[in-house]
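Chemist: Kindly return the folded structure for what I paste below:
(one chain, ligands or ions: 1)
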Amino acid sequence: GAAELGPYRHYMQKEIFEQPRAISDTLEGVTGIMPELFGDKAYGIFKQIDSVLILACGTSYYAGLTAKYWLESIAKIPVNVEIASEYRYRDSVPNPNSLVVTISQSGETADTLAALKHARSMGMQHTLTICNVSTSAMVRECALSYITRAGVEVGVASTKAFTTQLAALFLLTLTLAQSKGRLSEEEEASHIKAMRHLPAAISAVLALEPQIIAWAEEFANKENALFLGRGLHYPIALEGALKLKEISYIHAEAYPAGELKHGPLALVTKEMPVVTVAPNDALIEKLKSNLQEVRARGGELFVFADADSHITSSEGVHVIRLPEHYGQLSAILHVIPLQLLAYHSALARGTDVDKPRNLAKSVTVE
Ligand code: G6P
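Modeler: Numbers count the residues shown, from 1 in each chain. Below is the predicted model of the structure:
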């Protein structure tokens, strides 16, 4: 009801603004890295596993794709990420030493539960879920779990569930790195410090809402949009495109920026807004030349840049600056403006933001 919404117009907007609290609750009590955060049997299981298999759907799948970058770069563990509805129906080669990780807001998604059972039936017994509902089927079915504390998510388009999943997956990355002897005490302390600063960092990004509203008014008149990201931020671009599709019904696609020249560049005209996730990381110079390719074809750029990334606005190039560069955790910050862009574009188009057509919050049938 209206009382619960407080100053917000929709649950989605309320849930976007709850993210500092959701992340802080999810990480509450985490003062150091220890396997027991994931369950009593975690110590033994983490010692045994040599790879990770992530199974999920929708937004949770994109959290999994993001985690692959963290797990391979920080914990040095090979990772496969599979769409649950595909994995369950294809022949694959089981590895009994793999940690099977399901990611699910509801813990009741039929495809993800079936994929988990399929993995187990092939002899993979080490299972862990990152889930927002402690009483769900997924938590009961898995040996280990980490419960995100996003709280009830009402909006069909997932927001705070996604960022809390990312926080939990970063914690899992650090824990596996430690189990494999790949995390020094100094690294542990500095990662924990960065995680603890996340709620404040997210609040600073949420303050960009007025600038994003101005962009959304332009987006509302478009029928197509392209989202670009590189590396860790490619899955974030995918999630930004999904959010826009789900609630504003604008067709959106995401591409890793270096792949643009192999196809989607053909779509670029002055009618095509190109949203770019541009953190100031090792790929920034490469990304800038990808952006020039778009500009040269008349595409209009909407760039989310970090404060110090030396990308400036000019004809056809609009820039919103995030307050700071946040290293590996930057992905969690960069998805926030994409959520707000989708929300305000949908609002401007007058769609039913919290209950988009044809979609359900939790898909418990195949
Ligand atoms: C539905 C929801 C999505 C969600 C997906 C997976 O499609 O609309 O927002 O990402 O299911 O749900 P889960 O509960 O497993 O994370």
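Chemist: ok, now which ones touch the closest residue to Gly6 other than its chain neighbours?
Modeler: Nearest residue to Gly6, sequence neighbours excluded (Cβ to Cβ, 6 or more residues apart in numbering): Lys14, at 6.9 Å. For glycine as for every other residue, the C-beta is placed from the backbone atoms N, C-alpha and C. Lys14 is in contact with Leu5, Gly6, Tyr8, counting by Cβ atoms under 8 Å, 6 or more residues apart in numbering.
Chemist: Could you tell me the per-residue confidence at the closest residue to the ligand within the stretch 51-200 of the chain?
Modeler: Among the residues of the stretch 51-200 of the chain, Gly58 lies closest to the ligand, at 2.8 Å counting by Cβ to the nearest ligand atom. Per-residue pLDDT puts Gly58 at 98.
Chemist: residues in contact with it?
Modeler: Contacts for Gly58 were tallied using Cβ under 8 Å, 6+ apart; they are Ser158, Leu242.
Chemist: what residues does the stretch 251-366 of the chain put near the ligand?
Modeler: Within the stretch 251-366 of the chain, the residues that sit near the ligand (Cβ under 6 Å from any ligand atom) are Leu359, Lys361, Ser362, Val363.
Chemist: quick one: which two of the residues you listed are the most distant?
Modeler: Greatest spatial distance among these (Cβ to Cβ): Leu359 and Ser362, at 10.5 Å.
Chemist: who has more neighbours, the two?
Modeler: Neighbour tally, Leu359 and Ser362, criterion other Cβ atoms under 10 Å: the higher count belongs to Ser362, 15 against 12.
Chemist: The more buried one against Ser106, yeah?
Modeler: Yes: applying Cβ atoms under 8 Å, one finds Ser362 in contact with Ser106, separated by 4.0 Å.
Chemist: mind checking pLDDT for Asn290?
Modeler: With respect to pLDDT, Asn290 scores 91.
Chemist: Secondary structure element holding it?
Modeler: For Asn290, the element it lies in under DSSP states H and E is helix 284-296.
Chemist: and that helix, what other elements does it pack with?
Modeler: Judged by 3 or more Cβ pairs under 8 Å, 6 or more residues apart in numbering; DSSP states H and E, the packing partners of helix 284-296 are strand 224-229, strand 273-278, strand 300-306.
Chemist: winner for burial among the ones you listed?
Modeler: Highest mean neighbour count among those (mean count of other Cβ atoms under 10 Å): strand 273-278, with a mean of 26.
Chemist: Go ahead and name everything in contact with that strand.
Modeler: Contacts of strand 273-278 (Cβ under 8 Å, 6+ apart): 218-219, 222, 225-229, 233, 236-237, 240, 257, 268, 284, 287, 291, 294, 299-306, 309, 311, 334, 338, 341.
Chemist: Send me it as PDB with only the CA atoms.
Modeler: This file holds the C-alpha atoms of strand 273-278, laid out as PDB (Å, rounded to 0.1, in the frame of the first residue of the first chain):
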ATOM      1  CA  PRO A 273      21.300   5.700 -28.200                       C
ATOM      2  CA  VAL A 274      24.400   3.800 -27.000                       C
ATOM      3  CA  VAL A 275      24.700   3.500 -23.200                       C
ATOM      4  CA  THR A 276      28.200   2.800 -22.100                       C
ATOM      5  CA  VAL A 277      29.500   1.500 -18.800                       C
ATOM      6  CA  ALA A 278      32.900   3.200 -18.600                       C
END
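Chemist: got a list of what the most centrally placed residue in the chain touches?
Modeler: Centrality entry for the chain: nearest residue to the mean C-alpha point is Ala63, 4.2 Å, by Cα atoms, centre = their mean. By Cβ under 8 Å, 6+ apart, Ala63 lies in contact with Ala56, Ile103, Ile130, Phe162, Gln165, Leu166, Leu169, Pro235.
Chemist: And it, what's its pLDDT?
Modeler: pLDDT, Ala63: 98.
Chemist: if you skip the residues just before and after it, what's nearest to it?
Modeler: Spatially, and ignoring its direct neighbours in sequence, Ala63 is nearest to Gln165 (4.1 Å; Cβ to Cβ, 6+ apart).
Chemist: same deal with Gln48?
Modeler: Counting by Cβ to Cβ, 6+ apart, Gln48 lies nearest to Asn97, which is 6.2 Å off, once chain neighbours are set aside.
Chemist: Show the contacting residues for that neighbour.
Modeler: By Cβ under 8 Å, 6+ apart, Asn97 lies in contact with Gln48, Ile49, Asp50, Ser51, His126.
Chemist: and if you look at Tyr8?
Modeler: For Tyr8, the contacting residues are Lys14, Phe17, by Cβ under 8 Å, 6+ apart.
Chemist: Which helix or strand contains it?
Modeler: Following DSSP H and E, there is no helix or strand that holds Tyr8.
Chemist: what's the spacing between it and the ligand?
Modeler: Distance from Tyr8 to the ligand, counting by Cβ to the nearest ligand atom, to the nearest Å: 19 Å.
Chemist: Quick one, which of the contacts of Asn97 are buried?
Modeler: By neighbour count, with 16 or more other Cβ atoms under 10 Å, the contacts of Asn97 hold Ile49, His126 as buried.
Chemist: Filter the contacts of Asn97 down to the ones in helices?
Modeler: Mapping these onto helices (DSSP state H) picks out Gln48.
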